[in-house]
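>>> 3D model of this:
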Amino acid sequence: MNIKEQVQKMDAVVSTGAVVDAVKEFFADSASTSDHGQGGKTADKAAMVAKMEGFAGSIAKVNGITLHHSLVDGNVSASEFTFDFDMQDGSKIYWHEIIRRIWNEEGKVIQEEYFNAE
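So this is what the prediction gives:
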């Protein structure tokens, strides 16, 4: 499986704001996630889908999602994004982060970690 192509495809889906779809399409069933500095972890794809459905449902307005760069080295990728959201509770989210992913031989994410890029 061409990991660079998978990264490009997944990043394109994320860039549209369809984060739930990205998880459903590109995560392996046993994929884990870790959100450094925020304390959030998920142990499998189903938990991440549920987390992203809850998060996406709390967004009132997407002001912008920008993919700055993506790098691939073997089965590891890193994508730099900026996310700008207005939330339904009136708060605002502005994240500039690096998303590091480890991919399996089938082209599915088996581990995803988030790092604050600011």
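
>>> Pull up the gap between the residue of the chain positioned farthest from its centre and Gly40, please.
Within the chain, the residue lying farthest from the chain centre (CA atoms, centre = their mean) is Gly90, at 23.1 Å. Distance of Gly90 to Gly40, given as CB to CB, to the nearest Å: 22 Å. To be clear about C-beta, it is placed using only N, CA and C from the backbone, and glycine gets the same treatment.

>>> ok, and for the helix or strand of the chain with the lowest mean pLDDT, which residues are buried?
For the chain, the helix or strand with the lowest mean confidence is strand 40-42, at a mean of 88 (criterion: mean pLDDT, DSSP states H and E). Using 16 or more other CB atoms under 10 Å as the test for burial, strand 40-42 gives Thr42.

>>> same check, this time on stretch 15-24
Neighbour counts over stretch 15-24 (16+ other CB under 10 Å) mark Gly17, Ala18, Val19, Val20, Asp21, Ala22, Val23 as buried.

>>> And it, end to end?
Start-to-end span of stretch 15-24 (CA to CA, to the nearest Å) is 15 Å.

>>> quick one on the thing from earlier: let me know the closest of the buried residues of stretch 15-24 to Glu53.
Using CB to CB, Val20 comes nearest to Glu53 of those, at 5.5 Å.

>>> for the chain, what spans make up the helices?
3-15, 19-26, 45-57 (DSSP state H).

>>> Alright, I will stop here.
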